[in-house]
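**Student:** coords please:
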Amino acid sequence: MNFSACSIAKSADFSNEAGFSLLEMMLVITISSLLAAVFLQLLVDIYQQNDFFSLNNAWQLDAYLAVDFIADQIKSSKKVEIIDQHQLDIFSYYNEEYQWLKFNVYQSNGNKNLGRSIGGSDLNYKDFGRNLSLFDGIDDLSFEIVKPGLLKISLTVKEKMKSGIKKLTVSRLIKI
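**Tutor:** Predicted coordinates for the structure are as follows:
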């Protein structure tokens, strides 16, 4: 008898304990799901904006690198010839030997491009091959002798954005 009285008392305690109802559980799950969805959307937006800024800055970095490449080739050159404002021929160390390089502006598919042509390894014979694109979609390239022995390279690039066309001019002075 003693055993049955004890079990009746314990079952009475269970009925008095409070718990979560199904409605409360559904409400917690709904709120948690909404917060997770908002957080994931925020992460996706941040990731997409990061890609936009990376692409936005890539064309600017490419312009700086193109001017640096030309400047390095001029610095290691034995001979520099400015053909006109938009074309420069140099006899420089390239591909493990001295050879002619030509940097110029050419048209392709309605766009101006910065081209590089590789010529012969004889100082007296240029023999340029075809243009290889170094940078697509430029606005202008100019070579100018500022003073005797001082060359200014200016590369202007443009990029179409939603807000309009942005331009960037990168210039470098080089002692020749």
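**Student:** which helices and strands does the top helix by length along the chain pack with?
**Tutor:** The longest helix of the chain (DSSP state H) is helix 22-75. The helices and strands touching helix 22-75, judged by 3 or more C-beta pairs under 8 Å, 6 or more residues apart in numbering; DSSP states H and E, are strand 87-94, strand 132-147, strand 150-161, strand 164-175. Bear in mind the C-beta positions are built from the backbone N, C-alpha and C, glycine included.
**Student:** any idea which of these gets closest to Leu23?
**Tutor:** Checking the helices and strands packed on helix 22-75 against Leu23 by C-beta to C-beta gives strand 150-161 as the closest, at 51.3 Å.
**Student:** which parts of the closest one are buried?
**Tutor:** 151, 153, 155-159 (16 or more other C-beta atoms under 10 Å).
**Student:** returning to what we had before: show me the contact partners of the helix or strand immediately after the longest helix of the chain in the chain.
**Tutor:** Reading on from helix 22-75 to the C-terminus, the next helix or strand found by DSSP states H and E is strand 77-84. Outside strand 77-84, the residues within contact range by C-beta atoms under 8 Å, 6 or more residues apart in numbering are 74, 88-93, 98, 104, 123, 143, 145, 151, 176.
**Student:** let me see the mean pLDDT of the longest helix of the chain.
**Tutor:** In this model, helix 22-75 has a mean pLDDT of 83.
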